[in-house]
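A.B. asks: 3D model of this:
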Amino acid sequence: MGGEAEQPVPRDVVAVMSAGGAPARWSVDFWIDDASVAAAKTPGLDRSVVAPPFDIAGFKRAVLADPQGAVFSVSELLRGP
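C.D. replies: Sure thing, here's the model as predicted:
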């Protein structure tokens, strides 16, 4: 509407900055339907699993890397209690 891009899922936080001496970096996270399936398929696609799926604050997340080594995460929204 009005030429504005629609967001499929509203996000309150798009970036954070913290002090403490660690080098600055960006972290890219993609919201997907099933983080476990994505992690299981990753090695067969010439990519690597940096951290297997784990639960964290309402999400199941996995950390993956592309063939050139760029790291990103995929997150599945967990529903229910």
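A.B. asks: got any ranges where this structure has weak pLDDT?
C.D. replies: For the chain, the stretches flagged by pLDDT under 70 are 1-19, 81.
A.B. asks: hmm, try it at 80
C.D. replies: Flagging of the chain using pLDDT under 80 yields the residue ranges 1-27, 80-81.
A.B. asks: make sure Phe72 is indeed in a strand.
C.D. replies: Yes. The secondary structure assignment for Phe72 places it in a strand, going by DSSP: H, G, I helix; E, B strand; the rest coil.
A.B. asks: wait, it sits on Phe30?
C.D. replies: Yes. Counting by CB atoms under 8 Å, Phe72 does reach Phe30; the two are 6.7 Å apart. All C-beta spots, glycine's among them, are computed from the backbone N, C-alpha and C.
A.B. asks: ok, those two, which is more surrounded?
C.D. replies: When Phe72 is set against Phe30 and neighbours are counted by other CB atoms under 10 Å, the residue ahead is Phe72, at 16 against 11.
A.B. asks: that one and Ser36, how far apart?
C.D. replies: In this structure, Phe72 and Ser36 are 16 Å apart, going by CB to CB, to the nearest Å.
A.B. asks: for the protein, which segments count as strands?
C.D. replies: Using DSSP state E, the strands assigned to the chain run over residues 29-31, 48-56, 59-65, 71-77.
A.B. asks: what about Ala38, distance to Phe54?
C.D. replies: Distance from Ala38 to Phe54, counting by CB to CB: 13 Å.
A.B. asks: shared neighbours of the two, anything?
C.D. replies: Between them, Ala38 and Phe54 have Ala62 as joint contacts when contacts are counted by CB atoms under 8 Å, 6 or more residues apart in numbering.
A.B. asks: of all the strands of the chain, which one comes closest to Gly21?
C.D. replies: Ranking those by proximity to Gly21 (CB to CB) places strand 71-77 first, at 20.6 Å.
A.B. asks: angle of the closest one against strand 48-56?
C.D. replies: With axes from the mean of the first three to the mean of the last three CA atoms, to 10 degrees as the criterion, the two stretches strand 71-77 and strand 48-56 enclose an angle of 30 degrees.
A.B. asks: contacts for strand 71-77?
C.D. replies: Under the criterion CB under 8 Å, 6+ apart, residues 27-36, 38-39, 50, 58-66 lie in contact with strand 71-77.
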